[in-house]
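1. just coords:
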Ligand SMILES: Cc1cc2nc3c(=O)[nH]c(=O)nc-3n(C[C@H](O)[C@H](O)[C@H](O)COP(=O)(O)OP(=O)(O)OC[C@H]3O[C@@H](n4cnc5c(N)ncnc54)[C@H](O)[C@@H]3O)c2cc1C
């Protein structure tokens, strides 16, 4: 059995790993010179010194622990999560709130800092229940239906956590707007999804399903791209063939020919028994040339409103408000929230959709330099990645110096040694489209919204039987960020798709 995988992002690489270990002959076609897709490294220089940075993903956390181990990654990588809990700042306030993992401690903190008197314990108990249900589906490579959810979780939890609106979920458990906004971040992390839309609640559970660090986020030694390099090394040893710098332009359906072109060469073709698309779904539909798929893809919500500001410093950054001098404070995940109510958060998403260059909502801060120091790699400089919301799609970052300065100022206000700041790179949804081929600049390829999430996040003519099938041909599959569960450096869709292919092979 010969399988072609189109796209060497995390999902293509994970799918290849599982298929090859099951004895399948695998060839990966990759348009770019290097594998990794939206897990990529770039270089910039300041004062003659070169700095490497992550232009796409920065941190690890959404991966399933079994995938981390079964692919062979766990044996070869070192990854850690900060000891310090997440730190939340509200812009304009001279204080911080540290969200302990211990539910009782967390409840006490948010009561005193944010006046939150909701049922935090019930929220975490129900969340755990839903997460366990979803993780079981990942492990079994079975995408659950609404009926499955009702059977396992009951109707109440299913309507609150899966089919319902984020606003209803947040109002059920929390009383303070600050607490509600903090959890609403998960809903709008990649795109402008309304908190009042059906299935918007689901993202809150979905984003908590990573098990590599038990629901938390962390860092990979050598930076996140080391994970891709390591998986490439493992896949290479397994005998997987990767053809870089090669764009697939057509997949012929009658004899499953993959037609591809390399620089300056005439088109070539190779025949396979199965083809898996691990690219964005819009490009995949065109390459397949199935009119129904092209029509479906053109109906999808694809806009992204996230961007990234990577900040460079000549010395290690020291964060303010570390009065207790706690371990890993400088490395902790930090959030700066600019909106005060859910309505303001909703309005900022809408403003970016209407073309407002930057409608400040929140920034998630990944302290990559501090993590490098924790690994003992002691660079004398620092790099901080700031994942920002909400940005309009129209402009590249290079045309928005005022937005760049605004976000720089926002972050520097929380730093004790801002004089060491050298400069930054701003990437907007437009840049992400250009760099990574994301059709609308969305980091999940398509939005995580109603009709595009949970069981509806598929491209199959018969999802109940063959969820990862692409269109109406059983021999063609799709497994990248635009399928269930979603994007991220996780490879869950790649694994589930590979398992589906293997389970359906004739014995
Ligand atoms: C700015 C930013 C920050 C992010 N931060 C994080 C983070 O910190 N942690 C996290 O977990 N996730 C993060 N993400 C999300 C994560 O990077 C993506 O969801 C994930 O990389 C998607 O992987 P994929 O394999 O599904 O697709 P992709 O990475 O998009 O890979 C698709 C591959 O297909 C190739 N391809 C496309 N068309 C063709 C063709 N015709 N022929 C051959 N090859 C083709 C592409 O070149 C690409 O290599 C971030 C994303 C961005 C952009």
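-> Arrived safely. These numbers come from a predicted model, not from an experiment.
2. C-alpha only now, for contacts and for neighbours.
-> Will do.
3. can the helix or strand harbouring residue 180 be found next to the ligand?
-> Using DSSP states H and E, residue 180 sits within helix 177-188. No - between helix 177-188 and the ligand, judged by Cα under 6 Å from any ligand atom, nothing touches; the nearest distance is 12.8 Å.
4. name the helices or strands packed onto that helix?
-> helix 103-114, helix 166-173, helix 202-206, helix 342-353 (3 or more Cα pairs under 8 Å, 6 or more residues apart in numbering; DSSP states H and E).
5. can you tell me which residues contact residue 341?
-> Shown in contact with residue 341 (Cα atoms under 8 Å, 6 or more residues apart in numbering): 177-178, 181.
6. return the closest of these with respect to residue 256.
-> Nearest to residue 256 among the contacts of residue 341: residue 181, at 48.2 Å, using Cα to Cα.
7. what count of nearby residues applies to that closest one?
-> 23 (other Cα atoms under 10 Å).
8. show me what from this protein comes close to the ligand.
-> So far as Cα under 6 Å from any ligand atom goes, the chain lies against the ligand at 6-12, 29-32, 35-39, 55-60, 62, 246-249, 278-279, 307-308, 432, 436, 443-444, 480-481, 487-489.
9. next step: those restricted to strands.
-> Within these, residues falling in strands by DSSP state E are 6, 29, 246-249, 307-308.
10. ok, which pair from those residues is furthest apart?
-> Maximum pairwise distance in those, criterion Cα to Cα, is 30.4 Å, between 249 and 308.
11. more crowded one of these two?
-> It is residue 308, of residue 249 and residue 308, that has more neighbours when counted by other Cα under 10 Å, with 29 against 18.
12. quick one: contacts for that one?
-> Here residue 308 is in contact with 55, 385-388, 425-428 (Cα under 8 Å, 6+ apart).
13. just the strands in the stretch 251-400 of the chain please.
-> Per DSSP state E, counting those that start in this stretch, the stretch 251-400 of the chain carries strands over the ranges 257-262, 268-271, 274-277, 307-313, 334-337, 362-366, 382-388.
14. quick revisit: and the helices and strands packed on helix 177-188, which is most packed in?
-> helix 202-206 (a mean of 24; mean count of other Cα atoms under 10 Å).
15. ok, residues contacting it?
-> Here helix 202-206 has contacts from 127, 130-131, 134, 161-164, 166, 183-184, 186-187, 448, 454, 485, using Cα under 8 Å, 6+ apart.
16. stretch 232-241 now?
-> Contact with stretch 232-241 is made by 13, 16-17, 20-21, 25-28, 35, 72, as judged by Cα under 8 Å, 6+ apart.
17. so which of the contacts of residue 308 comes closest to the ligand?
-> residue 55 (5.9 Å; Cα to the nearest ligand atom).
18. and that closest one, how close does it get to residue 432?
-> Look at residue 55 and residue 432: by Cα to Cα, to the nearest Å, they are 9 Å apart.
19. give me the residue from the stretch 51-200 of the chain nearest the ligand.
-> Nearest to the ligand in the stretch 51-200 of the chain, going by Cα to the nearest ligand atom, is residue 57, at a distance of 3.2 Å.
20. show me the contacts for the nearest residue in space to that residue that is not next to it in sequence.
-> Among residues not flanking residue 57 along the chain, residue 39 sits closest, at 5.1 Å (Cα to Cα, 6 or more residues apart in numbering). Residues in contact with residue 39 (Cα under 8 Å, 6+ apart) are 9-10, 54-58, 224-225, 228, 489.
21. and residue 271, what does it touch?
-> For residue 271, the contacting residues are 255-258, by Cα under 8 Å, 6+ apart.
22. drop anything exposed from the residues you listed.
-> Neighbour-count burial (16 or more other Cα atoms under 10 Å) applied to those gives 256-258.
23. residue 473 pairs with what?
-> Applying DSSP bridges to residue 473 gives these bridge partners: residue 470.
24. measure it to residue 451 for me?
-> Per Cα to Cα, residue 473 is found 22 Å from residue 451.
25. mean pLDDT for the strands of the stretch 251-400 of the chain - can I get that in CSV?
-> Below are the strands of the stretch 251-400 of the chain laid out as CSV (pLDDT from 0 to 100):
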stretch, mean pLDDT
strand 257-262, 96
strand 268-271, 96
strand 274-277, 98
strand 307-313, 97
strand 334-337, 97
strand 362-366, 98
strand 382-388, 97
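26. so who does residue 453 touch?
-> Shown in contact with residue 453 (Cα under 8 Å, 6+ apart): 199, 484-485.
27. so which bits of stretch 260-273 are buried?
-> For stretch 260-273, a neighbour-count test (16+ other Cα under 10 Å) marks 260-261, 269, 271-272 as buried.
28. contacts for the longest helix along the chain?
-> The residue-count maximum for a helix in the chain (DSSP state H) belongs to helix 120-140. The contact list for helix 120-140 (Cα under 8 Å, 6+ apart) reads 66, 103-104, 107, 143-144, 149, 152-153, 157, 161, 173-174, 205-206, 208-209, 492, 496.
29. just want the angle from it to helix 166-173.
-> Orientation of helix 120-140 against helix 166-173 (axes from the mean of the first three to the mean of the last three Cα atoms, to 10 degrees) gives an angle of 130 degrees.
30. for helix 120-140, buried residues please.
-> By neighbour count on 16+ other Cα under 10 Å, the buried set for helix 120-140 is 120, 123, 126-127, 130-131, 133-135, 138.
31. now that helix and helix 103-114, what's the angle there?
-> Using the same axes, to 10 degrees: helix 120-140 against helix 103-114 is 130 degrees.
32. next SSE after helix 120-140?
-> Counting by DSSP H and E, what follows helix 120-140 is helix 146-153.
33. helices or strands up against the one helix or strand residue 27 maps to?
-> Following DSSP H and E, the helix or strand that holds residue 27 is strand 25-29. Strand 25-29 sits against strand 2-6, helix 10-21, strand 241-243, strand 246-252, with contacts defined as 3+ Cα pairs under 8 Å, 6+ apart.
34. between which two of the buried residues of helix 120-140 is the distance greatest?
-> Distances among the buried residues of helix 120-140 were taken as Cα to Cα; the most separated pair is 120 and 138, at 26.6 Å.
35. how is this structure carved up into domains?
-> The chain breaks down into these domains under automatic domain parsing: 2-40+66-77+222-300+452-503, 82-212+302-436.
36. kindly check the end-to-end length of the first one for me.
-> Across its full length, domain 2-40+66-77+222-300+452-503 reaches 16 Å end to end, with Cα to Cα as the criterion.
37. same deal with stretch 256-270?
-> Stretch 256-270 has an end-to-end distance of 8 Å (Cα to Cα).
38. run through who's touching it.
-> Residues from elsewhere that reach stretch 256-270 (Cα under 8 Å, 6+ apart): 4, 245-252, 271-275.
39. from those, which one has the minimum pLDDT?
-> Among the contacts of stretch 256-270, residue 252 carries the lowest pLDDT, at 84.
40. can you report how many residues neighbour that residue?
-> Residue 252 has 15 neighbours, counted by other Cα under 10 Å.
41. who's the closest spatial neighbour of it, skipping the chain neighbours?
-> That would be residue 258: by Cα to Cα, 6+ apart, it lies 6.5 Å from residue 252.
42. ok, now how distant is that neighbour from residue 29?
-> Separation of residue 258 from residue 29 (Cα to Cα): 10 Å.
43. shared neighbours, those two?
-> By Cα under 8 Å, 6+ apart, the residues touching both residue 258 and residue 29 are 4, 248.
44. the helices in the stretch 401-507 of the chain, which residues?
-> Remark: helices assigned in the stretch 401-507 of the chain by DSSP state H, counting those that start in this stretch are 401-412, 429-436, 492-503.
45. pLDDT of the last one, averaged?
-> The predicted model gives helix 492-503 an average pLDDT of 98.
46. quick one: strands adjacent to the strand holding residue 27?
-> Looking at strand 25-29 with DSSP bridges, its partner strands are strand 2-6 (parallel), strand 241-243 (parallel).
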